[in-house]
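Enquirer: Quick one, structure for this:
(one chain, ligands or ions: 1)
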Amino acid sequence: MKIQSKITLLFLALSTGILLLLNAFILYFEYEFNYMDFFKRLEARVNLTAQIRLFPGEKSRAYQEVRNKYLEKLDAEKEQLIKADALGKFKNEGLPAGFFQQIINQGQAIFKDDNQFFAGKTITLSGTDRYIVVVSALNPYGLREIQELQKILFFGFLGSLIIVFFVGKVFSYYTFIPIRKLTHEVNTITSDNLHTRLEEPKGKDEVAELSHTFNNMLNRLETAFETQNNFVSNASHELRTPLTIINSEVEIALNKVDLTEMQRATLNTIYAETNKLVQIINSLLLLAQSGYDGKRQNWQKTRIDELIWLSVEAAKKIYPQSNIEVDFAALPENEEMLNIFGNSNLLCLAITNIISNGCKYSQNRLIAVKLSVQNNKIIISVTDQGIGIPPTELQHIFEPFFRASNTHDYEGHGVGLPLTLNIIRLHKGTIGIRSEVNQGTVIQIFLPAASVA
Ligand code: ADP
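Expert: Numbers count the residues shown, from 1 in each chain. All right, here's what the predicted structure looks like:
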């Protein structure tokens with residue numbers, strides 16, 4: 001789950017907890033206040049009833065008058081007067097048992113049964129002349145008030161949650177804008193534009209710190225790339241010179257007439273092997289140059305079909321016995337789509353590498369080279385019927401110097417495909433590969449047409 005969503009949910013969960021707690025407090029105090037208030041009213045009526053009924057006289061009549069005039073009649077209001085028997089004992093006349101017992105034990109009690117409220121107390125006039133006065137009534141207004149409050153709190157709670165959810169979403173969305181921007185910027189940095197740096201926001205917040213850290217890392221990466229690249233280029237240049245000298249010396253020696261058979265054979269081997277070494281070093285030099293090239297030299301618009309013809313010719317020179325069939329049947333009507341923007345020498349080298357591999361690993365069986373354009377992408381497919389690549393080794397064939405286990409009988413150095421991949425990547429393209437051992441291999445190069453590159 002994205003941190004943005006997590007923050008929204010956390011925000012919601014926290015708010016739910018706080019709102020629930022607040023609602024519980026409000027309800028609790030409303031219950032307390034509402035019930036206590038009603039009990040107080042009942043208790044006042046108990047005292048009045050006792051005055052009126054147990055102390056008849058002038059005063060009680062005045063009380064009765066005040067009560068009739070000013071005291072509102074409660075819903076289902078009922079008075080009860082229970083007189084103690086000769087032994088001073090009371091008999092329960094239909095009151096809830098617990099409430100009745102509490103009045104006897106403590107002298108007074110309040111009680112609530114559903115929505116019926118009771119208040120009562122004992123009054124002793126003298127000796128065994130004792131009474132229990134009870135007033136009970138319903139409290140419909142209080143109940144309605146609490147129900148209304150419950151409703152308000154419930155809908156208020158739901159409404160608040162919806163608001164909190166959307167506010168949380170908007171809040172987390174805006175909070176993460178700088179991070180998304182940073183991710184986008186980092187994603188645009190590849191080996192082609194390692195010199196690019198992230199924009200560092202003003203201030204000293206975490207995002208500014210992260211951008212600064214990324215930029216420091218890019219500095220180190222760029223230095224490492226350049227060092228490695230310079231090393232391979234310099235080493236290749238340095239090695240080429242002595243090898244060329246060895247080659248020329250061997251050539252001069254081979255031209256001598258007084259050589260024995262064995263000497264000639266040895267010199268021939270030295271000549272062939274130094275030639276191979278020169279080839280490897282040349283490939284390494286190209287690999288280094290194609291792998292990281294911020295400057296992009298000699299880039300121009302080129303027709304891909306022409307490059308394919310040149311590559312086929314080059315492959316035929318290396319493998320004269322090869323059998324290559326070129327299929328341009330699926331070419332688009334708009335010839336503009338065949339234009340590609342790039343370095344034609346490098347592109348030609350990449351396509352030649354793939355076609356020559358097809359020739360080499362299929363002992364000159366038919367190679368099909370097909371060109372097509374789909375969704376603004378130029379697709380070059382090279383299909384051979386050769387030895388194929390074992391499935392477990394397929395993932396390694398673009399690693400420098402890797403050779404599959406079934407290539408013992410074939411010459412090679414394992415630098416052709418890494419070089420090809422670097423060249424294609426430099427042109428913002430990709431390579432796809434499908435292969436089956438002893439059935440053949442299909443390698444596809446996808447390149448953006450010049451109109452979209
Ligand atoms: P190599 O000089 O060994 O051909 P590459 O870099 O061109 O080096 O290829 C790397 C490896 O990929 C090869 O050694 C081979 O195992 C495998 N490979 C490439 N192309 C093919 C193909 N058309 N058929 C079978 N195997 C191939």
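
Enquirer: who's residue 300 bridged to?
Expert: Using DSSP bridges, the beta-bridge partners of residue 300 come out as residue 342.

Enquirer: ok now do it, which residues does it touch?
Expert: 341-344 (Cβ atoms under 8 Å, 6 or more residues apart in numbering). For every residue, glycine as well, the C-beta is placed using N, CA and C.

Enquirer: Can I get the residues you listed in TSV including neighbour count and pLDDT?
Expert: Conversion of the contacts of residue 300 to TSV gives the following (neighbours: other Cβ atoms under 10 Å; pLDDT from 0 to 100):
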residue	neighbour count	pLDDT
341	17	91
342	26	88
343	20	83
344	18	84
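
Enquirer: Make JSON lines out of those and add distance to the ligand.
Expert: Rendered in JSON lines, the data for the contacts of residue 300 read as follows (distance: Cβ to the nearest ligand atom, whole Å):
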{"residue": "341", "distance to the ligand": "25"}
{"residue": "342", "distance to the ligand": "20"}
{"residue": "343", "distance to the ligand": "20"}
{"residue": "344", "distance to the ligand": "20"}
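
Enquirer: Strands along the stretch 201-350 of the chain, start to end?
Expert: 300-303, 323-327, 339-342 (DSSP state E, counting those that start in this stretch).

Enquirer: So which of these is nearest residue 373?
Expert: Between residue 373 and the strands of the stretch 201-350 of the chain, the shortest gap by Cβ to Cβ is with strand 339-342, which sits at 10.7 Å.

Enquirer: Near the ligand, which residues of the stretch 351-453 of the chain? Just list them.
Expert: The stretch 351-453 of the chain has residues 353, 357-358, 361, 384, 386-389, 397, 403-404, 407, 412-417, 441 near the ligand, with proximity defined as Cβ under 6 Å from any ligand atom.

Enquirer: Quick one: name the residues of the chain near the ligand.
Expert: Where the chain comes near the ligand, counting by Cβ under 6 Å from any ligand atom, the residues are 353, 357-358, 361, 384, 386-389, 397, 403-404, 407, 412-417, 441.

Enquirer: The helix or strand containing residue 21 - what's its average pLDDT?
Expert: In this structure, residue 21 sits in helix 3-54 according to DSSP states H and E. When pLDDT is averaged over helix 3-54, the result is 92.

Enquirer: Repeat that for stretch 212-231.
Expert: If you average the pLDDT over stretch 212-231, you get 87.

Enquirer: In helices only, show me the residues of the stretch 351-453 of the chain next to the ligand.
Expert: Among those, the residues falling in helices (DSSP state H) are 353, 357-358, 416-417.

Enquirer: how about the helices of the stretch 201-350 of the chain, start to end?
Expert: Listed in chain order, the helices found in the stretch 201-350 of the chain under DSSP state H, counting those that start in this stretch are 206-254, 261-291, 304-318, 344-360.

Enquirer: mind listing the strands for the stretch 351-453 of the chain?
Expert: Taking DSSP E, counting those that start in this stretch as the criterion, the stretch 351-453 of the chain carries its strands at 366-374, 377-384, 430-436, 440-448.

Enquirer: could you redo those strands as CSV and give each row mean pLDDT?
Expert: What follows is the strands of the stretch 351-453 of the chain, written out as CSV (pLDDT from 0 to 100):
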stretch, mean pLDDT
strand 366-374, 95
strand 377-384, 96
strand 430-436, 96
strand 440-448, 97
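
Enquirer: C-alpha coordinates for the next helix or strand after the helix holding residue 21, PDB please?
Expert: Following the chain from helix 3-54 toward its C-terminal end, the next helix or strand by DSSP H and E is helix 58-70. Extracted as PDB, the C-alpha positions of helix 58-70 are listed here (Å, rounded to 0.1, in the frame of the first residue of the first chain):
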ATOM      1  CA  GLU A  58     -53.300  25.400  56.800                       C
ATOM      2  CA  LYS A  59     -49.800  24.900  55.500                       C
ATOM      3  CA  SER A  60     -50.600  21.700  53.600                       C
ATOM      4  CA  ARG A  61     -53.500  23.400  51.900                       C
ATOM      5  CA  ALA A  62     -51.200  26.200  50.800                       C
ATOM      6  CA  TYR A  63     -48.700  23.600  49.500                       C
ATOM      7  CA  GLN A  64     -51.600  21.900  47.600                       C
ATOM      8  CA  GLU A  65     -52.500  25.200  46.000                       C
ATOM      9  CA  VAL A  66     -49.000  26.000  44.900                       C
ATOM     10  CA  ARG A  67     -48.700  22.500  43.500                       C
ATOM     11  CA  ASN A  68     -51.900  22.700  41.500                       C
ATOM     12  CA  LYS A  69     -51.000  26.100  40.300                       C
ATOM     13  CA  TYR A  70     -47.300  26.000  39.500                       C
END
